[in-house]
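Undergrad: sequence plus the predicted model coming up.
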Amino acid sequence: MASIFGFRSRDPARDRQTDLQRFDRLAKLFDQIGAEIEAEKTGLENRYRSTATNAAFLVEAMENGSASTDKSSDVSAMTGAILNYERRIAELTRQKGLMKELRHSLDAIVDGAQQAKAPTGLAKAAGRG
């Protein structure tokens, strides 16, 4: 498109394509971050279960007299680790939810942009008929 001042604007289809490519990169980034969060959360959940199991067996062994009561510091350390795992897992769950919300918002933006384009195309087609 040329104007009387010699300024040329870009084709709207090219702009839409550029926007969609940018949104696609952003969507992939959200998905990648979500996968990283999920991997960290899964690892922590596995360590949480293992630590909780070990702590339970140690406490039981101490109660049965098959482990020294000197091991109570180990139980305290495991309890601290368990609490830290719970805190971090909760934070990762919150972050994962945020990534899902951002991804959903991005999808809505892309869908809205595509729907805004559709009526124009339909109007042109209807006008020709």
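TA: Everything's here; your move. Numbers count the residues shown, from 1 in each chain.

Undergrad: how about the helices in the chain?
TA: 12-64, 72-128 (DSSP state H).

Undergrad: grab the nearest non-local neighbour of the residue minimising distance to the centre of the chain.
TA: Nearest to the mean C-alpha position of the chain, counting by C-alpha atoms, centre = their mean, stands residue 34 at 2.8 Å. Excluding the flanking residues, the one nearest residue 34 by C-beta to C-beta, 6 or more residues apart in numbering is residue 99, at 4.1 Å. All C-beta spots, glycine's among them, are computed from the backbone N, C-alpha and C.

Undergrad: can you check residue 103 too?
TA: Excluding the flanking residues, the one nearest residue 103 by C-beta to C-beta, 6+ apart is residue 30, at 4.5 Å.

Undergrad: for this structure, give me the ranges with low pLDDT.
TA: When residues are selected by pLDDT under 70, those of the chain lie in 1-4, 117-129.

Undergrad: contacting residues for residue 77?
TA: By C-beta atoms under 8 Å, 6 or more residues apart in numbering, residue 77 lies in contact with nothing.

Undergrad: you'd agree the residue nearest to residue 103 is up against residue 101?
TA: No: between residue 30 and residue 101 there is no contact under C-beta atoms under 8 Å: 9.7 Å.

Undergrad: ok, those two, which is more surrounded?
TA: Taking neighbours as other C-beta atoms under 10 Å, residue 30 and residue 101 compare with residue 30 leading, 20 against 11.

Undergrad: state the distance from that one to residue 23.
TA: Going from residue 30 to residue 23 by C-beta to C-beta, to the nearest Å gives 10 Å.

Undergrad: hang on, the earlier thing: rebuild the helices of the chain as JSON lines, extending it with distance to residue 6.
TA: Formatted as JSON lines, the helices of the chain follow (distance: least, C-beta to C-beta, whole Å):
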{"stretch": "helix 12-64", "distance to residue 6": "19"}
{"stretch": "helix 72-128", "distance to residue 6": "27"}
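
Undergrad: distance of the nearest residue to residue 79 once chain neighbours are set aside from residue 70?
TA: Spatially, and ignoring its direct neighbours in sequence, residue 79 is nearest to residue 55 (6.6 Å; C-beta to C-beta, 6+ apart). Using C-beta to C-beta, residue 55 is found at 15 Å from residue 70.
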